[in-house]
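J.: Would you be able to build a 3D model of this:
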Amino acid sequence: SIGAIVAAAGSSSRMGGVDKIFALILGIPLIAYALDQLETYSPVGEVALVVDEGSRKRAETLVRQRGYSKVSRICPGGARRQDSVRCGLESLNPCDWVVVHDGARPCLDHPMLARGLEAAEDSGAAVAGVPVKDTIKVVSSQDLVVDTPAREGLWAAQTPQVFRYALLRDAHRSCKLPVTD
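T.: You can find the predicted model right below:
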């Protein structure tokens, strides 16, 4: 069984206060692109949608209007991404696998979900990623460049991220440090 968490509780600080997950892209709210894929991907049985508390009513309206039957819970996010993912995880029914996807990433499709689930079979976890094309600089606290790592070994983490449910649950229970992904 597969549950999904759509993490969409960010502050949209770079959007000047506009909640980007509801920004219209070709007439469709950004968040709907990911939710449409999860709704129509038959292996996913349940979706927890995590939004900012101030966007909860808009999210409820969107779920109702678009007929998302798999969205079992709309829950408020936490102060950090890891807190929001934990809230979503706690709202899911226990399952075998959990897919975590950022709601601001509309380019999700069924083959990507299938590849993530297949990749996670061996180790219990997998993350989508893309090789870094840009030159990356490591900068000191004095804003001086101290290193330029080789691009060949660098990847940018993306979503979806796929985990065995128990592995992610246990990680959230034991990790006390702030993490980004």
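
J.: residue ranges for the helices of this structure, please.
T.: With DSSP state H as the criterion, the chain has helices at 30-40, 56-66, 81-91, 110-123, 165-174.

J.: Relative to Asp19, which of those helices is closest?
T.: Closest to Asp19 of these is helix 56-66 (CB to CB; 7.5 Å). All C-beta atoms are positioned from the backbone trio N, CA, C, and that covers glycine.

J.: what packs against that closest one?
T.: The elements that helix 56-66 packs onto, with contact taken as 3 or more CB pairs under 8 Å, 6 or more residues apart in numbering; DSSP states H and E, are helix 30-40, strand 44-51, strand 71-76.

J.: Now distance to Arg115 too, for those, in JSON lines please.
T.: Converted to JSON lines, the helices and strands packed on helix 56-66 look like this (distance: least, CB to CB, whole Å):
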{"stretch": "helix 30-40", "distance to Arg115": "13"}
{"stretch": "strand 44-51", "distance to Arg115": "15"}
{"stretch": "strand 71-76", "distance to Arg115": "23"}
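
J.: Does anything pack onto the longest strand seen in the chain? Which helices or strands?
T.: Longest strand in the chain by number of residues, with DSSP state E as the criterion: strand 155-164. Applying 3+ CB pairs under 8 Å, 6+ apart, we find strand 155-164 packed against strand 97-102, helix 110-123, strand 125-131.
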